Every structure is written in C-alpha cells, then in structure tokens.
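1. Based on what follows, work out the 3D shape:
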Amino acid sequence: MSTPFARKSAMLLACAALLGGCSTTAPTSEETHAYVDDAQKTLAEFMRDPQMTWLQNHVHGARAVMVSPRIWQAGFVFGGSGGEMLVISRNRSGEGWNGPAFYKMGSGSFGLQAGAQETQMVALVMNEKALNSLLSTSFKLGGDLSIAAGPIGAGAGRPVTSDIVIFTRNKGLYGGINLDGTVITIDDGKNQVYYGRTTTPVDILIEGRATNPYSSKLTHTATVGVNAGPVK
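-> Down below sits the predicted model:
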C-alpha cells in the first residue's frame, strides 16, 4: 500500500517530468533550427506590439535579450513552470548581436492549481552583472539578480531599474506567470548540435567564436526593432 509521502513524491516527479521535458533523446539540428524560428517569430510579435513600447524603446540599450516561445505552467497538486529559452547578446562593437545560446528553465512550487497554460516571454538583460550570470552553469531569477515585470501599454513611460526586465504573454493576455525563483541552466546538448561542436556561452555570447548563419533572422529582428517583419 502506498503511503501519503510516496504518493506525494510520485506526483512531484510526474510534475517535474512534465515541466522539465525529461526526454533523453538527443536534439537534432532540425529541432534547434525550428526552435530558433519560433523564437524569432515570438520576438517579432513583441517588437511589433503597440502594448510593448517600453521593450521596443529599450532593447537597443540592453546587454542581452532572452526569448522563450513556450513556458509551461502546470497545475495538479504541485504547481510550477518550465521550458526552454535562448539568449542573444550585444556584440563588442555594439552594432549587432552574438548568439543564440540555448538554456533550460524550471521552477517548482506547492499549492492547489488547476490546468496548464503556455506563456511566451521576452526579457531584456540590462547590465553586465545580469549578463555574467548567464555565463555560469546555473542561476536563479530573483536570487542575486533583481527582476521586474516590464511596463505594458499606458505604463510604458515609467522607469525600471531592475537587472532583468521580463515581458510575458499568455494567449494574448499580458502578465503571464511569475518567474521569480526560476532556475536557468545551460543546455549544452542544443548548443553543441546547433554549432556543430562543444562550446560555451562565453564562446557564443561574449567572444562570438561560435556562429551559425541560421541565426541571422533572429538577430535581424532584434536589430530592426519595431520594424521587425519576415526576413527574406
């Protein structure tokens, strides 16, 4: 007979599997390219959205941009969120972007929730301290770094001084989910497949030694801002 502790542990593991996508299957080049395409489309939508003027006005002053086309928030008895994201960073000339580097996201919380929802995210990394955190093996949003929800619509004129400014959207509704406490880890598997060799976020985001021409649509979207559209 299973005990309450055993049942709770099993449910927690099931939720973690859903949020973390615990597949052991190695990623393919086609899958990484498809994810970059999804991220580019997400970023373009945010950059054209009239509710996102703060994001559009400040992206060119950001040290890096974090994009996730899909963050899952699950219900059951145990709640949490998880997904993937990629990051592009301002190159040393300040005129373009390096990357992307691939990352995993995950968090867990206790509480009675219902259902599951899918959220899109674009976040601006505003300073060197926050960018350096992305070079470590893992870090937690809201831990050593201050995070804030980005101003939307009429509030876009107010100043924001956080290390990372996060914009989320869930099925057209702004606000999305609370990412405070989310753990970010490097996705070495996807980075290796996408660049064809073992590499690190330092190689990708800082030194620009790892490149892939397939990234041009994504970096173009960040460069042209509100004029972002399909790239031929």
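
2. Can you give the contact residues for the top helix by length along the chain?
-> The single longest helix within the chain, with elements called by DSSP state H, is helix 29-48. Here helix 29-48 makes contact (CB atoms under 8 Å, 6 or more residues apart in numbering) with 52, 55-56, 59, 65, 67-70, 84-86, 100, 102, 120, 122, 167, 169, 190, 193-194, 214-215, 217-218, 221-222, 225-226, 228-229. All C-beta atoms are positioned from the backbone trio N, CA, C, and that covers glycine.

3. So which of those belong to helices?
-> 55-56, 190, 193-194, 217-218, 221-222.

4. which of those sit farthest apart?
-> Taking CB to CB as the measure, the ones in helices among the contacts of helix 29-48 reach their widest spread between 56 and 193, a distance of 31.9 Å.

5. Residue 180 in helix, strand or coil?
-> coil (DSSP: H, G, I helix; E, B strand; the rest coil).

6. Now do the contacts for it.
-> 141-142, 147.

7. Going by neighbour count, which residues of stretch 26-44 are buried?
-> 27, 32, 35-36, 38-44 (16 or more other CB atoms under 10 Å).

8. Confirm for me that residue 166 is in contact with residue 179.
-> Yes: assessed by CB atoms under 8 Å, residue 166 is found in contact with residue 179 at 6.1 Å.

9. shared neighbours of those two, anything?
-> 121, 147.

10. if we take the ones in helices among the contacts of helix 29-48, which one ends up nearest to residue 127?
-> residue 55 (16.4 Å).

11. Look at that closest one and say how many residues are nearby.
-> Neighbour count for residue 55, taken as other CB atoms under 10 Å: 26.

12. what does stretch 215-224 rub up against?
-> Counting by CB under 8 Å, 6+ apart, 36-37, 39-40, 43-44, 47, 59, 65, 67, 86, 88, 96-97, 99-100, 228, 231 sit against stretch 215-224.

13. Can you tell me the closest non-neighbouring residue to residue 88?
-> Of all residues not flanking residue 88 in the chain, residue 99 sits nearest, at 3.8 Å (CB to CB, 6 or more residues apart in numbering).

14. Most neighbours among the contacts of residue 180, which one?
-> The most crowded member of those, judged by other CB under 10 Å, is residue 141 (24 neighbours).
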